[in-house]
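Chemist: Give me a 3D structure for the following:
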Amino acid sequence: MKKQKGFSLIELLIVVAIILIIAAIAIPNLMRARISANEASAAASMRTIVSAEIAYNAAGWQVGGIPIGFSVNGSDLGGVPPCAVPTATSTCLIDPSLAAAFGATPKSGYIFTYVPVQGAGGGGTNVDFKLTAVPASQGQTGNRTFFADQSGVIRAIQGPAKADATSPAL
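Modeler: Next comes the predicted model:
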């Protein structure tokens, strides 16, 4: 009588079935963890941008003798390192990858939108700003949208609706 070497087909099928069951349990948890991490990153990025905007405003940047106030574009807060000489359009207050997230390039699954608000008399001075972060793919990269302004309060709302100044604070 010869000894059999290896595994039978039934044994292999049982092992594969067990692996598939474990994967079916683990993958949804992994996706939830990824969404949670993306949302935490978006909230932290919002705090970084708001801090940079306040620093930008406090620096007193001017164009033609007129104070700019808050930046004209969110990407003005970034720049190409090493940024030895900051200018009004390249300050290196935030990371270049975060500055690139304004527009169509997502950072950690979120796309950031920045809108400056000029004073009542115009004149080119930005007295306020509106900052939003929207998931690049709702339900896959994030479930919440974020909003912030010059007050520094980060606000969030669940679902596809955009967060605004009336949304609950984090």
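
Chemist: Could I get the phi/psi values of residue 92?
Modeler: phi 60, psi 30 (degrees, to the nearest 10).

Chemist: List the contacts of stretch 120-137.
Modeler: 38, 42, 45-46, 49-50, 53, 63, 66-72, 74, 106, 109-119, 141-150, 162-163 (C-beta atoms under 8 Å, 6 or more residues apart in numbering). Every residue, glycine included, has its C-beta placed from N, CA and C.

Chemist: and what of stretch 43-60?
Modeler: 67, 69-71, 74, 76-77, 91, 93-95, 98, 101, 107-108, 110, 112, 114, 129, 131, 133, 146, 148, 150, 152, 154, 156, 170.

Chemist: Only the C-alpha atoms, please, for that stretch, written as PDB.
Modeler: C-alpha atoms of stretch 43-60 as PDB (Å, rounded to 0.1, in the frame of the first residue of the first chain):
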ATOM      1  CA  ALA A  43     -10.800  67.300   8.300                       C
ATOM      2  CA  ALA A  44      -7.100  67.700   9.200                       C
ATOM      3  CA  SER A  45      -6.400  69.200   5.700                       C
ATOM      4  CA  MET A  46      -9.200  71.700   6.300                       C
ATOM      5  CA  ARG A  47      -7.600  72.700   9.600                       C
ATOM      6  CA  THR A  48      -4.300  73.100   7.900                       C
ATOM      7  CA  ILE A  49      -5.800  75.300   5.100                       C
ATOM      8  CA  VAL A  50      -7.700  77.500   7.500                       C
ATOM      9  CA  SER A  51      -4.500  78.000   9.600                       C
ATOM     10  CA  ALA A  52      -2.600  78.900   6.500                       C
ATOM     11  CA  GLU A  53      -5.300  81.300   5.300                       C
ATOM     12  CA  ILE A  54      -5.200  83.100   8.700                       C
ATOM     13  CA  ALA A  55      -1.400  83.300   8.500                       C
ATOM     14  CA  TYR A  56      -1.600  84.500   4.900                       C
ATOM     15  CA  ASN A  57      -4.100  87.300   5.900                       C
ATOM     16  CA  ALA A  58      -1.900  88.300   8.900                       C
ATOM     17  CA  ALA A  59       1.200  88.600   6.700                       C
ATOM     18  CA  GLY A  60      -0.500  91.500   4.900                       C
END
